[in-house]
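Undergrad: pasted the sequence and its predicted model underneath.
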Amino acid sequence: MIRNTRLTFLVIMLLLGLANSGQAQSDLTFYHLGELTPQNSIYNPVFFPDADFYISFPVISGVSVNVNNSFTYNDIFDPIEGSDSVQFVPEKLLSTLKNGDRLSFDGAVSLFQVGFHIGRSSAVQIFANERAKSSLYYPKEVLGYLLNGNGDFVGEEVAERNLNVSGTYYREYGIGYSHQLTILGNKQLRVGLKVKYLQGFAQAQVDEGAQVSFFTDEDNHIHVGTNQPIIYTAGFDSMSESDYLISNDNTGVGFDFGADLQISPKLKVALAVNDIGSINWTEGVKNYELLESEATFGGLDLKNLDDIGEVLTDTLEQLFGYREVTGGSFKTKLNTRFLVSGAYKVIPKGTVTATILARNDLGNLGFTYGAGYTHRVGRMLTVSTTVSRKPKQGFAVGAGFGARLGIVQLYTSVDNFVGFTDVRKMQNMNVRVGMNFLFGRRSEKKKQKGNDGDLLEVQPKEKKIKDKLSPFPEEYNLDHLEEID
């Protein structure tokens, strides 16, 4: 029997789809803040804040939550007349779902980060992050069967040919290096690389290409057919062990690559590829094979939403037969992300940025497009707003800011700012918040350097004295008499 923790892990992803309001993680509002914070380097290894040195401490330096879904709260719930309660309406959900709709969750907590410069052209960043990700493609036909029961499907087969479910929790330790070059005469090119050691804690996923079918005979018995896919799991029996959460044998390596090019004083382009790598799961591995089975099933009763988790778990155990597959390890790949952007300085303190983001998730490539404006207000405040569009969703408006108060930097961003006015209509939620400690300002030192890099003596500005206007004609000007001894 599959342990409840494994079933619960899969059920939680279903519940997120029912309770929250999706495609690839975007977070473009935060990206359009540029190099404002140390955390922006998660998008491009060459990004470094305007500081000689920075340090970020656990938790307070950065927390991000990203939930994306293909439907909203209003798409699945109706208010109960005469009360403040709501009821789940399966018909609304099924009419809203389309093939390819999915739910994704992406969360991260910054554990530690420090960065410093080496000479005039290089920088080093050292970091550690806690990360969790999950993705689920909604099997529309199977959901209709489960929600409505098998009474309307006697003599018919309901099948899902490509089940896609995956969830992972891991930690990354890494070091990044970036270097600036001068190319094509006077153009500044920066290139960067991050190398990450990955420590896996929990993983659950269904075998790629998994298939399941349900056939109801005249006696109302359900024949469950499968292509005997494997459910891969690891770490669930070890999560309560403190030593396991510090170090274990589930390890891997990841890479980030990035570059940007200053084409002109006003135009800059950037390119980055993040999360290239994989994790080998060898400790705490328990895999299960889904088998063909027979059952009697009348449909899900979801009227009492307080019991929805238990109902879904019981249903999975009721319908599916399985056996544990002994031994063996498995490997999972990270969800690789690609970013291409161009930034143009329209005014001295204002920049317009356009970005295309692509992310590989469960073998599917999803694109997000965004355009934003970032403005610097004095030396303390930077604000940004972005309009973005994700696959199978409308346009979203995001906003973010960063404030530097001495050595303390505060920042936050929301990718769907307008949606927060009515969460019942929200399809995605993306929030970042944190605090860093920055020392020095690199930009001010660059302004004081000559072409050879030597510091120049900064001369005080001379106040220009305007010529006095005389009310008399020029021939009445007697100033020349002062020159006579």
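TA: Yep, that arrived. Numbers count the residues shown, from 1 in each chain.

Undergrad: run a quick neighbour tally on the closest residue to N227 other than its chain neighbours.
TA: Residue nearest to N227 in three dimensions, not counting chain neighbours: Q211, with 4.4 Å by CB to CB, 6 or more residues apart in numbering. (Glycine included, C-beta is placed from N, CA and C.) For Q211, the count of nearby residues is 16 (other CB atoms under 10 Å).

Undergrad: mean confidence for whichever strand or helix holds Q211?
TA: Following DSSP states H and E, one finds Q211 within strand 210-216. When pLDDT is averaged over strand 210-216, the result is 83.

Undergrad: so which residues of the stretch 251-400 of the chain form helices?
TA: Taking DSSP state H, counting those that start in this stretch as the test, the helices found in the stretch 251-400 of the chain are 308-319.

Undergrad: buried residues in stretch 208-218, which are they?
TA: A210, Q211, V212, S213, F214, F215, T216 (16 or more other CB atoms under 10 Å).

Undergrad: which residues are in contact with it?
TA: Contacts of stretch 208-218 with the rest of the structure, by CB atoms under 8 Å, 6 or more residues apart in numbering, involve 142, 145, 150, 153-164, 222-227, 229, 290, 319-320, 363.

Undergrad: chain center to that stretch, what's the gap?
TA: The chain centroid and the centroid of stretch 208-218 are separated by 34 Å under CA atoms, centre = their mean, to the nearest Å.

Undergrad: alpha carbons only: can I get stretch 175-192 in CSV?
TA: Output of stretch 175-192 as CSV, limited to C-alpha atoms (Å, rounded to 0.1, in the frame of the first residue of the first chain):
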residue,chain,number,x,y,z
ILE,A,175,28.9,30.0,-6.4
GLY,A,176,28.7,32.4,-9.3
TYR,A,177,31.4,34.3,-11.2
SER,A,178,31.0,37.1,-13.7
HIS,A,179,33.5,39.1,-15.8
GLN,A,180,33.3,42.2,-18.0
LEU,A,181,35.0,42.5,-21.4
THR,A,182,35.3,45.2,-23.9
ILE,A,183,34.5,44.1,-27.5
LEU,A,184,33.9,45.6,-30.9
GLY,A,185,35.8,48.7,-29.9
ASN,A,186,34.0,50.1,-27.0
LYS,A,187,31.0,47.8,-26.2
GLN,A,188,30.8,46.3,-22.8
LEU,A,189,30.1,42.5,-22.6
ARG,A,190,29.5,40.7,-19.3
VAL,A,191,29.4,36.9,-19.1
GLY,A,192,28.5,34.9,-16.0
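
Undergrad: show me what it is in contact with.
TA: Residues outside stretch 175-192 that contact it (CB under 8 Å, 6+ apart) are 41, 44-46, 48, 121-127, 193-195, 256-263.

Undergrad: so how do I select the buried members of those residues in PyMOL?
TA: Remark: buried members of those, expressed as a PyMOL selection using 16+ other CB under 10 Å:
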select buried, resi 41+44+45+46+48+123+125+127+193+194+256+257+258+259+260+261+262
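
Undergrad: thinking again about what came up before, for the residue nearest to N227, give its distance to Y232.
TA: When distance is defined by CB to CB, to the nearest Å, Q211 is 16 Å away from Y232.

Undergrad: and for H375?
TA: Taking CB to CB as the measure, H375 and Y232 are separated by 48 Å.

Undergrad: just checking, next helix/strand downstream of the strand holding Q211?
TA: Following strand 210-216 toward the C-terminus (DSSP H and E): strand 222-226.

Undergrad: re earlier: which of the contacts of stretch 175-192 fall in strands?
TA: Within those, residues falling in strands by DSSP state E are 122-127, 193-195, 256-262.

Undergrad: list just the nearest of these to F236.
TA: F236 has its nearest neighbour among those in F127, at 27.4 Å by CB to CB.

Undergrad: so where's the stretch 301-450 of the chain uncertain?
TA: Within the stretch 301-450 of the chain, the stretches with pLDDT under 70 are 301-316, 318, 327, 362, 391-393, 417-428, 445-450.

Undergrad: if you set the cut-off to 50 instead, what comes out?
TA: Scanning the stretch 301-450 of the chain for pLDDT under 50 picks out 450.

Undergrad: quick one: the strands in it, in order.
TA: 321-325, 330-333, 337-347, 350-361, 364-377, 381-389, 395-405, 408-414, 428-439 (DSSP state E, counting those that start in this stretch).

Undergrad: N74: which of the ones you listed is closest?
TA: strand 428-439 (14.6 Å).

Undergrad: list the buried ones in the closest one?
TA: The neighbour-count check on strand 428-439 (16+ other CB under 10 Å) flags N428, M429, N430, V431, R432, G434, M435, N436, F437, L438 as buried.

Undergrad: I'd like those laid out as TSV, including distance to D52.
TA: Formatted as TSV, the buried residues of strand 428-439 follow (distance: CB to CB, whole Å):
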residue	distance to D52
N428	37
M429	36
N430	31
V431	30
R432	24
G434	20
M435	19
N436	14
F437	12
L438	9
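
Undergrad: quick one: which of these is nearest to D106?
TA: Lowest distance from D106 to the buried residues of strand 428-439 (CB to CB) belongs to N430, with 8.6 Å.

Undergrad: need the nearest residue in space to that closest one, chain neighbours excluded.
TA: Counting by CB to CB, 6+ apart, the residue nearest N430 is D415, at 3.5 Å.

Undergrad: list the beta-bridge partners for the spatially closest residue to W281 that is not a sequence neighbour.
TA: Closest residue to W281 apart from its sequence neighbours, by CB to CB, 6+ apart: A234 at 4.0 Å. The partner list for A234 in beta bridges (DSSP bridges) reads Q203, V285.

Undergrad: test my guess that A234 contacts Q205.
TA: No: taking contacts as CB atoms under 8 Å, A234 lies outside contact range of Q205: 9.8 Å.

Undergrad: wait, is L245 part of a strand?
TA: No: applying DSSP: H, G, I helix; E, B strand; the rest coil, one finds L245 to be helix, outside a strand.

Undergrad: ok, now how distant is it from Y173?
TA: Distance, L245 to Y173, using CB to CB: 14 Å.

Undergrad: N335 too?
TA: On the measure of CB to CB, N335 and Y173 end up 19 Å apart.
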